[in-house]
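In: model this:
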Amino acid sequence: LGFDGLAAVFRRARFTTAVEAAIRVMVFNRLCDPESKLGVLRWLQTVSLPGVDVDKLSHQHLLRSMDALMDHQGAVDDCVAQLLRPLIDEDLSVVFYDLTTIRAEGLSQQDGDVRHFGMSKEGVIARQFMLGVVQTADGMPIFHEVFDGNTAEAPTLQPTLKKVLTRYPHIRRLVVVADRGLLSLDNIEALTKLQVAGDRPLEFILAVPGRRYAEFVEVLQPFAQKAAHATDEIVTEAQWQGHRLVVAHNPVRAAEQTQERLARIHALQQRADQLAGKLDAQDEGKTQRGRKLSDSGAKARFFHEVSDAHLARIIQVDLKSDLFTYAIDEAALARAQLMDGKLMLVTNVQDMAADEVVRRYKALADIERGFKVLKSELEIAP
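Out: Take a look at the predicted model:
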């Protein structure tokens with residue numbers, strides 16, 4: 001594979017132990033039977049590794065080799081980049097960037113440590129670090145970076161791509177595809193200033209986060225009629241902020257999202273009727289089990305349930321009223337239904353048809369499958 005170049009890096013650094021051999025052993029273990037450093041030593045007694053003197057490897061050797069990787073990260077990265085360059089299409093490289101969270105055990109927080117408490121991809125607060133990966137359209141990872149566990153996603157995009165362009169200066173055209181959490185106006189402005197091979201602008205395909213869909217109501221209104229009668233996925237486009245806005249509408253997914261939202265609204269209306277019925281019964285002097293319910297208590301309880309269902313814009317609870325009351329905002333409901341089944345992509349790529357832009361974005365799912373492998377088969381979380 002050419003990784004003998006790594007051995008040369010550590011020879012120049014005058015390490016007395018075979019750092020490259022220790023790294024090789026840990027990588028093979030991670031691929032075959034993930035273990036701790038001590039577990040690696042036990043595993044070595046059960047396998048044959050030609051060319052590696054396993055009797056000379058100790059726990060300290062493994063730990064020191066990790067330090068050596070960090071101390072000489074630049075040289076190691078250059079070595080790996082040299083191996084990968086011939087495998088990257090220099091005329092048109094479509095790359096995908098995404099982040100995932102890697103959980104870490106323990107509770108402590110140390111200065112200079114990447115492990116921090118943040119919102120994990122599983123939707124809970126966890127002690128973690130973040131892993132960003134850039135991979136090619138063929139699924140080959142060409143760059144990765146570790147970030148603090150409480151880092152916001154969007155600000156990581158521009159510095160990561162700058163490093164990719166520095167590492168692979170032979171690429172003459174680069175199109176980056178990134179997920180919803182990485183779209184921001186600041187990102188778009190910064191990305192348009194980046195250049196590939198000195199003069200060509202970096203190109204991008206970025207998905208619009210669902211929370212920002214309300215900004216696009218007027219843009220999408222002309223497509224509403226066409227989308228309402230569609231039986232198969234349709235793709236259209238418009239202009240937004242000087243860039244192409246490509247919109248894909250999936251009628252099956254739209255129907256599912258609409259029905260699921262209406263079911264949640266119906267369930268909350270039944271809950272509101274239940275609370276109102278209890279208040280009316282109390283006013284009529286009827287005795288019931290449990291603590292007495294007040295209008296303010298009913299409002300607070302119902303408001304929290306509406307918020308948990310992510311329907312606060314549609315079901316509006318009047319918290320200022322003396323009585324328990326709420327209303328359905330029909331305009332907000334119509335806007336939400338207009339967005340159902342939509343995938344919106346902002347891009348500055350001019351020579352790709354709209355359906356090709358959508359196809360390129362959907363290939364981002366490959367990197368998410370790669371993250372699943374890292375977290376499950378390779379057990380990358382310590």
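In: ok so V52 is a strand residue?
Out: No. Counting by DSSP: H, G, I helix; E, B strand; the rest coil, V52 is not part of a strand but coil.
In: check contacts around the residue nearest to it when sequence neighbours are not counted.
Out: Distances taken as Cβ to Cβ, 6 or more residues apart in numbering place A21 nearest to V52, at 5.0 Å, with adjacent residues excluded. Every C-beta, even on glycine, is put in place using the N, C-alpha and C of the backbone. Contact analysis of A21 by Cβ atoms under 8 Å, 6 or more residues apart in numbering lists G51, V52, D53, L57.
In: same check on R12?
Out: R12 sits next to A75 when contact means Cβ under 8 Å, 6+ apart.
In: where's it relative to A68, distance?
Out: Note on R12: its distance to A68, by Cβ to Cβ, to the nearest Å, is 12 Å.
In: now do P50
Out: 23 Å.
In: three-state assignment of the residue nearest to V52?
Out: Classification of A21 using three-state DSSP returns helix.
In: tally of neighbours for L364?
Out: 17 (other Cβ atoms under 10 Å).
In: show me where pLDDT drops low in this protein?
Out: 1, 16, 198, 211, 287-290, 382 (pLDDT under 70).
In: can you give me the helices for it?
Out: Residue ranges of the helices in the chain, as given by DSSP state H, are 4-12, 19-32, 37-44, 59-71, 73-84, 157-167, 185-193, 217-220, 224-228, 251-283, 295-308, 330-339, 354-362, 365-375.
In: in a markdown table, list the ones you listed along with distance to M130.
Out: Listed next are the helices of the chain as a markdown table, based on distance: least, Cβ to Cβ, whole Å:
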| stretch | distance to M130 |
| --- | --- |
| helix 4-12 | 26 |
| helix 19-32 | 20 |
| helix 37-44 | 23 |
| helix 59-71 | 17 |
| helix 73-84 | 17 |
| helix 157-167 | 11 |
| helix 185-193 | 17 |
| helix 217-220 | 32 |
| helix 224-228 | 36 |
| helix 251-283 | 29 |
| helix 295-308 | 26 |
| helix 330-339 | 28 |
| helix 354-362 | 22 |
| helix 365-375 | 11 |
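In: A298 contacts Q282, doesn't it?
Out: No. A298 is beyond contact range of Q282, at 10.4 Å (criterion: Cβ atoms under 8 Å).
In: looking at the two, which is more packed in?
Out: A298 (21 against 14).
In: look up how far I265 lies from that one.
Out: Counting by Cβ to Cβ, the gap from A298 to I265 is 18 Å.
In: now do the shared contacts for R12 and A68.
Out: In contact with both R12 and A68: no residue, using Cβ under 8 Å, 6+ apart.
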